[in-house]
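Novice: please find the sequence and the predicted model below.
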Amino acid sequence: MNPADATRVVQWNTTPAMIWFMYGTMVIALAVFAYGIWRRVRIWLLGKPKMRWDRPGERLKRVLIRGYGHANLLKDRVPGVMHALIFFGFVILFIATTVVAINTDLGIPIMHGYFYLYFQSLTVDIFGFLFMIGLAVAVVRRYILRLPRLEHGQWADAVLLATLALILLTGFMLEGLRIVATADPWAPWSPFGHLTGLALAVPFPGEPAQRTLHASIWVFHVALWHTLLAVIPFTKLSHMVMSPLNIFFGNLDDARGVVPSIDFEDQSAALGIKSVYDLTWKQLLDLDACTECGRCQDACPAWAEGKPLSPKRVILDLRDYVHAHEGDVLAGKAARDRGDTARYDEIVCAMPALAGGVIKDETLWSCTTCRACEEACPVAIEHVPLILQLRQNLAMDQAQVPEGVAEAVSSLEVRQQPFRGASVERTEWYQDLTVTEMASVEEPRDVEVLYWVGCAAALDPRVQKVAKALVTIMQHAGVRFAVLGPEEQCCGDPARRSGNEFHYDTLARANVDTLKRYDVKRIVTHCPHCLQTLKHEYRQLGGDFEVVHHSQFVRELIEKDRVRLSRKLPDAVTYHDPCYLGRYNDVFDAPREVLDSLGVSRIEMKRSRQRSFCCGAGGGHAFYEDASGGRINQNRAREAIATGAKTVCTACPFCLGMLEDGVRTVQPADGDVRVRDFVELVAEAIAD
């Protein structure tokens with residue numbers, strides 16, 4: 001036999017009626033599929049505008065790598081491989097079906113020779129079998145292991161898995177029956193189909209019986225596949241369409257977790273998200289793109305400590321609400337479009353507030369805004385901005401905030417800093433140091449960097465040690481720096497993260513005006529929350545500044561030999577990645593490289609870098625006590641102590657305080673583990 005002549009009869013053992021059935025049901029299935037997609041699209045179209053179609057080449061590359069390439073999925077090995085087997089099995093089988101259509105319907109004879117043997121026979125058979133393995137793993141995870149992060153008790157999940165398995169099984173049966181009935185000489189090239197055919201030949205010997213069985217299974221197989229195709233938009237399988245779209249329209253900016261600014265001079269401006277109509281089209285797409293995989297829930301520090309927040313459930317509860325009230329939502333849009341304000345207001349007033357109604361208050365206040373959920377999400381859902389905008393409605397429209405948040409915001413309003421009870425002034429910490437204030441600088445452009453001190457370093461005695469260490473290093477390096485002193489106000493992060501956008505807006509505008517007045521070009525700060533706010537979020541108000549974290553700045557000084565280290569430190573150190581430094585600003589290496597330059601033995605925690613576990617202070621939690629569940633900082637402290645390191649280093653004043661409290665609580669009475677900012681170690685090691 002010549003492999004170049006290899007082929008098979010297409011649509012073997014079919015009648016014209018069967019062919020008409022196939023194409024007729026395909027048209028119906030595609031029509032239902034299109035209608036299902038349109039039902040989702042028309043909901044997205046009622047959302048507020050959001051620019052997410054710039055840089056199409058970069059977006060397409062992102063889909064290919066993160067979506068089809070499974071870059072994020074494979075970070076979680078077992079479910080990642082499981083999904084890859086199912087996905088690539090489906091893709092290969094779909095391509096094989098397309099090849100049949102090209103060969104038969106377009107009359108282009110491509111199903112022959114080596115291509116037929118290597119792809120249409122062997123490759124398709126192998127990937128079909130791998131598809132079955134993927135489905136088997138899914139069944140084990142969902143129904144035997146019953147992993148907590150998955151949604152359970154949904155009969156549709158079992159039906160979908162069974163349908164996919166039946167489609168594959170009947171496909172192998174059709175292939176096998178054709179092979180044994182026709183004595184196909186190329187049978188070994190379809191190993192799994194051939195084995196299936198040999199197995200069926202035992203109870204169904206002879207070509208007539210095999211033809212009869214084949215015809216019955218063929219009709220069932222076609223009907224099953226077209227039924228599945230039709231219902232895809234109405235089931236979890238809709239993520240086949242929604243997820244790549246969501247990845248394509250994901251955030252490409254370096255600013256992450258940023259909520260849109262509110263124009264408070266506009267009397268009609270929405271105070272956060274109250275109803276479905278306050279969501280953007282991208283946020284509505286986020287809801288439909290969720291695959292219910294539970295990765296976000298597994299990564300969430302609040303969920304890990306038994307608090308009433310599951311990022312997955314926030315998305316799914318909002319999605320289910322929108323789907324359940326689709327008619328009312330569309331009726332409201334129609335009323336708004338035709339200018340029937342009374343009817344629109346009536347519909348909106350009849351809907352429960354999304355914040356506090358659909359999603360409970362305590363759920364929203366449990367979030368530490370660490371972005372671990374977004375980092376884990378394989379389909380680029382943006383949980384944090386959504387939660388913050390829901391908080392805005394709680395805080396500004398409903399005046400429902402935890403007691404500690406209200407006190408911190410009150411302090412911001414009166415004293416421009418969130419530390420209630422603090423009695424010191426911003427300038428007291430450097431009275432015994434030689435520190436220049438910008439107001440006394442004759443030529444501000446001669447200043448290399450402005451040191452943004454932040455509220456914690458100015459007012460908290462423990463963090464003042466960090467500020468003094470950084471000043472010592474900069475003076476050692478001959479850096480011409482200055483501080484704003486009494487002119488510096490809180491950057492506004494606590495206000496914005498607690499939903500009090502008005503107070504953030506007031507503080508931020510004042511700071512932007514001050515920085516512009518001094519023509520500040522470069523800012524260094526040791527607080528990642530200040531870094532995030534000054535570098536990314538002030539842009540919304542016209543403040544475009546170069547802002548670096550003190551880890552980046554100190555590394556730069558060491559690399560330029562402006563900092564001379566006189567001794568190495570022998571201690572074993574473990575480094576905690578602050579969320580706002582790492583996941584928000586991609587600064588992972590700078591602190592580690594500085595520590596390495598000190599000669600320390602650095603031990604990584606199991607959850608580090610992008611997977612770092614939150615200290616529990618973010619989202620305003622540094623300023624109020626969340627009584628629900630366990631303590632997030634103690635969870636992280638136990639992990640740090642377990643490394644055996646005697647020093648836990650971090651690069652954030654809030655992480656410093658939370659970890660010190662956590663270590664003090666969980667380590668034995670005779671424990672000697674200390675928590676320090678890395679810059680304190682550098683200050684100890686510099687040459688006199």
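Specialist: Arrived safely. Residues are numbered from 1 along each chain as shown.

Novice: need the contact list for residue 377.
Specialist: Residues near residue 377 by C-beta atoms under 8 Å, 6 or more residues apart in numbering: 72, 295-296, 383. In short, each C-beta sits where N, CA and C put it, glycine included.

Novice: again, only using 7 Å
Specialist: 295-296 (C-beta atoms under 7 Å, 6 or more residues apart in numbering).

Novice: before we move on, what about residue 125?
Specialist: Residue 125 sits next to 190-193 when contact means C-beta under 7 Å, 6+ apart.

Novice: any weak-confidence spans in the chain?
Specialist: Across the chain, the ranges flagged by pLDDT under 70 are 421-423, 687-688.

Novice: what's the closest non-adjacent residue to the residue nearest to the spatial centre of it?
Specialist: Ranked by distance to the mean C-alpha position of the chain (C-alpha atoms, centre = their mean), the top residue is residue 374 at 1.6 Å. Leaving aside its chain neighbours, residue 374 sits nearest to residue 383 (5.7 Å; criterion: C-beta to C-beta, 6 or more residues apart in numbering).

Novice: so where do the helices sit in the stretch 251-400 of the chain?
Specialist: Using DSSP state H, counting those that start in this stretch, the helices found in the stretch 251-400 of the chain span residues 281-289, 295-299, 301-304, 311-324, 326-337, 341-350, 361-365, 372-376, 383-392.

Novice: what would the ones you listed look like in CSV with distance to residue 536?
Specialist: As requested, those are arranged in CSV below (distance: least, C-beta to C-beta, whole Å):
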stretch, distance to residue 536
helix 281-289, 18
helix 295-299, 22
helix 301-304, 22
helix 311-324, 22
helix 326-337, 33
helix 341-350, 33
helix 361-365, 23
helix 372-376, 15
helix 383-392, 12
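
Novice: could you work out which of the ones you listed reaches nearest to residue 177?
Specialist: Smallest distance to residue 177 across those (C-beta to C-beta): 39.9 Å, for helix 281-289.

Novice: which elements pack onto that closest one?
Specialist: If you count contacts as 3 or more C-beta pairs under 7 Å, 6 or more residues apart in numbering; DSSP states H and E, helix 281-289 packs onto helix 16-44, helix 239-248, helix 311-324.

Novice: wait, isn't the residue nearest to the centre of the chain in contact with residue 385?
Specialist: No. Look at residue 374 against residue 385 with C-beta atoms under 7 Å: they stay out of range, at 9.3 Å.

Novice: ok so, going back, adding distance to residue 66 and mean neighbour count, write the helices and strands packed on helix 281-289 out as JSON lines.
Specialist: Converted to JSON lines, the helices and strands packed on helix 281-289 look like this (distance: least, C-beta to C-beta, whole Å; neighbours: other C-beta atoms under 10 Å):
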{"stretch": "helix 16-44", "distance to residue 66": "21", "mean neighbour count": "14"}
{"stretch": "helix 239-248", "distance to residue 66": "5", "mean neighbour count": "20"}
{"stretch": "helix 311-324", "distance to residue 66": "18", "mean neighbour count": "20"}
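
Novice: burial count for the closest residue to residue 478 other than its chain neighbours?
Specialist: Excluding the flanking residues, the one nearest residue 478 by C-beta to C-beta, 6+ apart is residue 562, at 6.6 Å. For residue 562, the neighbour count with other C-beta atoms under 10 Å is 15.

Novice: how about JSON lines for the helices and strands packed on helix 281-289, with distance to residue 555 added?
Specialist: Output for those, formatted as JSON lines (distance: least, C-beta to C-beta, whole Å):
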{"stretch": "helix 16-44", "distance to residue 555": "44"}
{"stretch": "helix 239-248", "distance to residue 555": "33"}
{"stretch": "helix 311-324", "distance to residue 555": "33"}
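
Novice: figure out which of the ones you listed is closest to residue 138.
Specialist: Closest among the helices and strands packed on helix 281-289, using C-beta to C-beta: helix 239-248, at 13.8 Å.

Novice: what's the distance between that closest one and the middle of its chain?
Specialist: 14 Å (C-alpha atoms, centre = their mean, to the nearest Å).

Novice: which residues are contacting that helix?
Specialist: Against helix 239-248 from outside (C-beta under 7 Å, 6+ apart): 37, 59-60, 62-63, 66-67, 232, 285-286, 288-289, 291, 379-381.

Novice: buried subset of these, written for ChimeraX?
Specialist: Listed next is the ChimeraX selection for buried residues among the contacts of helix 239-248, using 16 or more other C-beta atoms under 10 Å:
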select :59,62,63,66,67,232,285,286,288,289,291,379,380,381
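
Novice: list just the nearest of the contacts of helix 239-248 to residue 319.
Specialist: Nearest to residue 319 among the contacts of helix 239-248: residue 288, at 6.5 Å, using C-beta to C-beta.

Novice: just give the nearest non-adjacent residue to that closest one, would you?
Specialist: Nearest residue to residue 288 in three dimensions, chain neighbours excluded: residue 242, at 4.8 Å (C-beta to C-beta, 6+ apart).

Novice: thanks a lot, see you next time.
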